[in-house]
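**Student:** Quick one: sequence plus predicted model below, questions after.
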Amino acid sequence: MKVARQLALISVGLLLVGLSLIAATYADSDMVLTDNTLDAAPEKKPKTLFVIVDGIPADVIERVNTPGIDAVVASGSYQRAYVGGEVGLPTQSPTVSAVGYMSLLTGTWSNKHNVRANHGLEPNYAYWDIFRVAKYQSELVTTAIFSTWTDNRTILLGDGLPQAGGNKFDFVADGFEVDSMFAPDLGDVDRIQKIDLHITNVAAKSLVEVAPDLSWVYLQHTDDIGHRDGDGPSMDRAVRWIDARVLELYSAVKAREQRAADEDWLVIVTTDHGRKSSDGKSHGGQSERERTIWIASNTPRMVSSIERGVAIVDIYPTIVEHMRFHLPDEVAAQLEGQSLLSK
């Protein structure tokens, strides 16, 4: 770990101590805890926020100063993982964006979910996505998506489509790529950056004020810079910029925790693929750098003892366990991943 990251972690630790002192200041000084009070303490309501920041190789996120990611993992964990399925087997999957999203969202590889590119999308909705599972529960589970790319909701997740379960998201912030208010005179890269910023602001406000039970935030800017400029100072700046968005989102969760002490938040930040080692501009193949991703989380219960190594498909069952979701037997049998939460 670089010195800058170590200093950032020290700063984050001081920040978390400060937050604890603030919480203590506002605590009810007349409250007296008894054995009966402790015995009667209700189980906290689980909430999950997962964030995909597009196309950041593990070696880059580990080298660049990222106080946002550092804040998330200060009391949690960081680990490398992989995408792309098993090389040479039916599960082998292209290391491109939509494939990565769908592998996370369904807990399966492309031989099952049937997304193999960023275009010509024909998902196999027989493999339930995590939001469909949320709506299957006997109790109400509110869902939210904050995304630069509208196809994430309308096609990959089949929002409202009967063949995808017919469920609708409770909170939606997307479609901005076709919204004229976002500086149509700018080039695509700068325009998407403005949209990412707007989405972050909307998501942060939602997390604090309404706190959907299961939220997905997708941010694209880093992948755009990677395709345009490849590895180097420009990509490093983009990573620092996107990390500031992560910090805004995580700060919103921490603020919500101050407001609602009866909630138990799981926060996961990850990426959908790496990049080629040659120049960092492209991806899609099965090289080690293209396949290697990372998972940052706010929980110390995340473990990496899976014999095959941690994979993006393990995020789905991890969320299922944290949220205490019930899975239909046929859905559970389809999964390629396993929960990363220690028992």
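**Tutor:** Received the coordinates, thanks.
**Student:** chain center to the top helix by length along the chain: distance?
**Tutor:** Using DSSP state H, we find that the single longest helix of the chain is helix 233-259. How far helix 233-259 lies from its chain's middle: 12 Å, per Cα atoms, centre = their mean, to the nearest Å.
**Student:** what helices or strands is it leaning on?
**Tutor:** Here helix 233-259 touches helix 3-25, strand 45-53, helix 58-63, helix 67-73, helix 188-209, strand 214-219, helix 221-229, strand 263-270, going by 3 or more Cβ pairs under 8 Å, 6 or more residues apart in numbering; DSSP states H and E. (C-beta placed from N, C-alpha, C; glycine too.)
**Student:** what's the closest of the ones you listed to residue 322?
**Tutor:** Closest approach to residue 322 among these (Cβ to Cβ): strand 263-270, 4.5 Å.
**Student:** just checking, what packs against that closest one?
**Tutor:** Strand 263-270 makes packing contacts with strand 45-53, helix 67-73, helix 233-259, strand 292-297, helix 315-323 when contacts are defined by 3+ Cβ pairs under 8 Å, 6+ apart.
**Student:** in that strand, what's buried?
**Tutor:** Judged by neighbour count using 16 or more other Cβ atoms under 10 Å, the buried positions of strand 263-270 are 264, 265, 266, 267, 268, 269, 270.
**Student:** pLDDT wise, what is the first one at?
**Tutor:** Residue 264 carries a pLDDT value of 98.
**Student:** in the sheet, who's paired with the closest residue to residue 77 other than its chain neighbours?
**Tutor:** Counting by Cβ to Cβ, 6 or more residues apart in numbering, residue 77 lies nearest to residue 302, which is 4.2 Å off, once chain neighbours are set aside. With DSSP bridges applied, residue 302 shows beta-bridge pairing to residue 341.
**Student:** And the pLDDT at residue 302?
**Tutor:** For residue 302, pLDDT reads 88.
**Student:** And the one 3 residues further on, by the same measure?
**Tutor:** Taken from the predicted model, the pLDDT recorded for residue 305 is 69.
**Student:** give me the low-pLDDT residue ranges for the stretch 151-300 of the chain?
**Tutor:** Along the stretch 151-300 of the chain, segments meeting pLDDT under 70 span 184-185.
**Student:** Kindly recompute the last result at 80.
**Tutor:** For the stretch 151-300 of the chain, the stretches flagged by pLDDT under 80 are 181-187.
**Student:** before we move on, the earlier item: burial measure for the residue nearest to residue 77, as a count.
**Tutor:** Residue 302 has 23 neighbours, counted by other Cβ atoms under 10 Å.
**Student:** How about the one 5 residues further on?
**Tutor:** A count of nearby residues for residue 307, using other Cβ under 10 Å, gives 4.
**Student:** so it is in which element?
**Tutor:** Here residue 307 is covered by no helix or strand, with elements defined by DSSP states H and E.
**Student:** Tell me who's in contact with residue 341.
**Tutor:** For residue 341, the contact set (Cβ atoms under 8 Å, 6 or more residues apart in numbering) comprises 299, 301, 302, 303, 318, 321, 322.
**Student:** now residue 177
**Tutor:** With Cβ under 8 Å, 6+ apart, residue 177 has these contacts: 148, 149, 150, 191, 192, 195.
**Student:** Would you quantify the distance from it to residue 188?
**Tutor:** Distance check for residue 177 against residue 188: by Cβ to Cβ, to the nearest Å, it reads 9 Å.
**Student:** list the buried ones in stretch 238-252?
**Tutor:** 238-239, 241-243, 245-252.
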